[in-house]
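Asks: requesting a structural model of the entry that follows:
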Amino acid sequence: MPTTGMKRDTALFGGSFDPVHRGHMHLVHEAFVLTGIKRVIFIPSFVSNFKRNGANASFPDRYKMLELAILDYRDEYGDGPELLISDVEEKRGGISYTSDTVRYFLSKECGEGRISFIMGDDLLDGIERWHDYQFLKEHVHFIVFSRNGLKNVPEGLDATLFRSEVLDASSTDVRNGDFSLLTPRVLKYVSDRGLYDA
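Replies: From the prediction side, this is the model:
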């Protein structure tokens, strides 16, 4: 499969971002430093295939927190890749499948070829059960970060693994009350809106 288009310049970063936290933004910074990507597109899920009970915060709140986290990213890291947010999964509605989102960006921006996708190595476990996995194998270059040693990549998956200094942070920790994991503007927004019982 030819590697045409924007795959080395742009990376998709999908997730519920409920909420976005310092760990997410540090991952973006490491992706920029280690791969030289020029653009990252955050894609908040509408309804994750793996979290069908829904998000704790509304889509508009999660989108707004990403906007604020991008401002905080510039304060902390300075220059870096262009950072954008897409509402494609909200507009599409229903369950958010990575394969559908990849198809959208391939058709919109680079036609045939591959596009990069940032993720933690915890998602490698079970990736073969992702919707339309064969399509993902053919069209996605996975940029995978690990803090606990590099894992084996499923056969045929186009992936580059990096041993990372990923911050030990999770959205679950925030929802359980550890607001120190939030960037300053996101923390203020969460507090002002009373999200996660702040």
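Asks: at which residues are the strands of this structure located?
Replies: Residue ranges of the strands in the chain, as given by DSSP state E, are 10-15, 39-44, 47-48, 82-85, 95-96, 115-120, 140-146, 159-163.
Asks: okay if I get these as JSON lines plus mean pLDDT and mean neighbour count?
Replies: Heads up, the C-betas are built off the backbone N, CA and C, glycines and all. As requested, the strands of the chain are arranged in JSON lines below (pLDDT from 0 to 100; neighbours: other Cβ atoms under 10 Å):
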{"stretch": "strand 10-15", "mean pLDDT": "94", "mean neighbour count": "22"}
{"stretch": "strand 39-44", "mean pLDDT": "96", "mean neighbour count": "23"}
{"stretch": "strand 47-48", "mean pLDDT": "67", "mean neighbour count": "19"}
{"stretch": "strand 82-85", "mean pLDDT": "97", "mean neighbour count": "16"}
{"stretch": "strand 95-96", "mean pLDDT": "84", "mean neighbour count": "20"}
{"stretch": "strand 115-120", "mean pLDDT": "92", "mean neighbour count": "22"}
{"stretch": "strand 140-146", "mean pLDDT": "92", "mean neighbour count": "21"}
{"stretch": "strand 159-163", "mean pLDDT": "90", "mean neighbour count": "16"}
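Asks: name the residues that touch the longest helix seen in the chain?
Replies: Using DSSP state H to define each element, the chain has its longest helix at helix 59-77. Outside of helix 59-77, the residues that reach it under the criterion Cβ atoms under 8 Å, 6 or more residues apart in numbering are 16-20, 24-25, 28-29, 42, 44, 46, 55, 57, 80, 83, 85, 87, 90, 183-186, 189-190, 193, 195.
Asks: out of those, which are inside helices?
Replies: Using DSSP H, the members of these that fall in helices are H24, M25, V28, H29, E90, P184, R185, V186, Y189, V190, R193.
Asks: thinking the fourth one is in contact with G80, fair?
Replies: It refers to H29. Yes. With contact defined as Cβ atoms under 8 Å, H29 counts as touching G80 (6.3 Å).
Asks: which residues outside stretch 82-101 are in contact with it?
Replies: Outside stretch 82-101, the residues that touch it by Cβ under 8 Å, 6+ apart are 12, 14, 28, 38-49, 52, 59, 63, 66-67, 70, 73, 104-105, 117, 130-133, 135-136.
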